[in-house]
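Visitor: here is the input, now give the coordinates:
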Amino acid sequence: MIQTIEKEQIQENKDLLKYLLSVFSHVFINLPELTQADTSQSHILQHSEEKSHIDSMKEKLKNLSPPQYYPRLANEIFGMGPITDLIKNKNVSEIIINGGRHIFYEKKGNLHVLEDHFLSDLTFRNFTHRVLDEIKQTISLKQPFTDGSWRGWRIHIAMRPVVSVDFHLSFRRHPEDPWTLSKLRDQGWAPEKALHLIEKLLSQRSNILIVGPTSSGKTSVLNACLKCLPSHERVITIEDSSELLLPNSVSTKLLTRSNSNSPDTLLDIDQSELVRQSLRMRPDRIVMGEARGSEAKDLLMALATGHSGSLGTIHAKNHKQALWRLEMLVQMGAPSWNTDTIRQMIVLSITHLIVLGRYMGERKLMGIYKLSGVEKTGFLFEALYAHLSNPDSCFVN
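Guide: Here you go, the predicted model:
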């Protein structure tokens, strides 16, 4: 449930701020405004001929504004506007901007409403284009969404017509001090025995699929697992955007490339291609950030040929749903394979599933399962650990 946090801020003076912004708006008169259909161009401020002109604009703003409002207005026009403090606050893990007037943020697992907002549609568009310029991405009516890494955040941007507002931005913070299994124990994420079991599975080179819904901590737990790997093992990570931390200097990461707006200059590189390339790079382990498409078939093919100790994540509610979804993803990459073939391939490739979730608002380890076989009725699992809220609740030593 969204909780509104009331605090003293500029909201009560919003009319004055808007007035000051309108007074200062003459600095944009000679600068072209970007339209929704022209978002492939760089942001407005980059059209200034020289940096000195921007400095001059800042000086004009400073002279026009009362001292107590200059920082906010300067952030609105040149910086991050109303989300400046959120970006700096290490306890804020996610920010959602649903159009310039509706901003939300997640703090300690709870979603809150920000009482501030962008002061005008123009400054919100300018901010969006500044972010796009920094992540070196473009969006247009042809490709109305993109994602990337920005100042320590994973960011997704969408525009009309796929969203109902001009722009929708989602930010998720990359943790500066990533989780480890020890930290997870201290936070009460799972009991000691369950964490020892995860360490044992990693040392035994089990092929592990980490399962969970949105914001359950799949990437964070995967990073914690990577920290447990031996320093001499070469890990190849495969991701859409850079989120995983390499466990040692001999490891490397491969990133996809999407170039839909410029198909004549560079080719797209998807996760399927990266899986194939990784096999030529002498991997000890292959780690996929998230299986979400036909690349699942290529990953299973690689794991079934002897690349043990590999890991990946998949978006699903529980272990059963995860393999149903994996089955469908494999079928996307191999439509001619029948169900029995796909299920046999999954059993050959995946040995264990670690299921994550939330309990009473907190992230928890919900279960550890061994994939023990397959029958006509479906997959067979052995529960090695299950959270007390889980119908399979148990702990098998």
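
Visitor: can you pull the contacts of residue 255?
Guide: Residue 255 makes contact with 239-242, 274, according to Cβ atoms under 8 Å, 6 or more residues apart in numbering. Where C-beta positions appear, they are placed from N, C-alpha and C, glycine not excepted.

Visitor: can you show me the helices along the stretch 151-300 of the chain?
Guide: 181-186, 192-203, 218-226, 271-278, 295-304 (DSSP state H, counting those that start in this stretch).

Visitor: residue 89 is nearest to which of the ones you listed?
Guide: Minimum separation from residue 89 across the helices of the stretch 151-300 of the chain (Cβ to Cβ) falls at helix 218-226, 18.5 Å.

Visitor: and residue 158, how many neighbours?
Guide: Neighbours of residue 158 under the rule other Cβ atoms under 10 Å: 17.

Visitor: tell me how far the closest residue to it other than its chain neighbours lies from residue 247.
Guide: Ranked by Cβ to Cβ, 6 or more residues apart in numbering and with sequence neighbours excluded, the top spatial neighbour of residue 158 is residue 145, at 4.1 Å. Applying Cβ to Cβ, to the nearest Å, the value for residue 145 to residue 247 is 32 Å.

Visitor: more neighbours: those two, which one.
Guide: residue 247 (21 against 14).

Visitor: quick one, what contacts residue 246?
Guide: Contacts of residue 246 (Cβ under 8 Å, 6+ apart): 226, 235, 237, 252-253.

Visitor: among the residues you listed, name the buried ones.
Guide: 226, 235, 237, 253 (16 or more other Cβ atoms under 10 Å).

Visitor: mind listing which of the residues you listed are in strands?
Guide: Applying DSSP state E to those, the entries found in strands are 235, 237, 253.

Visitor: just the closest of these to residue 155, please.
Guide: Of those, the one sitting nearest to residue 155 (Cβ to Cβ) turns out to be residue 253, at 18.4 Å.

Visitor: list the beta-bridge partners for the closest one.
Guide: residue 237 (DSSP bridges).

Visitor: my read is that it contacts residue 242, right?
Guide: Yes - using Cβ atoms under 8 Å, residue 253 is in contact with residue 242, at 6.6 Å.

Visitor: got a list of what the most centrally placed residue in the chain touches?
Guide: The chain has residue 154 as the residue nearest its centroid, 5.0 Å off, counting by Cα atoms, centre = their mean. Counting by Cβ under 8 Å, 6+ apart, residue 154 touches 147-148, 171-174, 241, 243.

Visitor: make it 7 Å
Guide: For residue 154, the contacting residues are 172, 174, 241, 243, by Cβ atoms under 7 Å, 6 or more residues apart in numbering.

Visitor: which of those residues tops the neighbour count?
Guide: Result: residue 243 is most packed of the contacts of residue 154 (other Cβ under 10 Å), 20 neighbours.

Visitor: if we can go back for a sec, so what pLDDT did the residue nearest to residue 158 get?
Guide: Note for residue 145: predicted pLDDT of 90.
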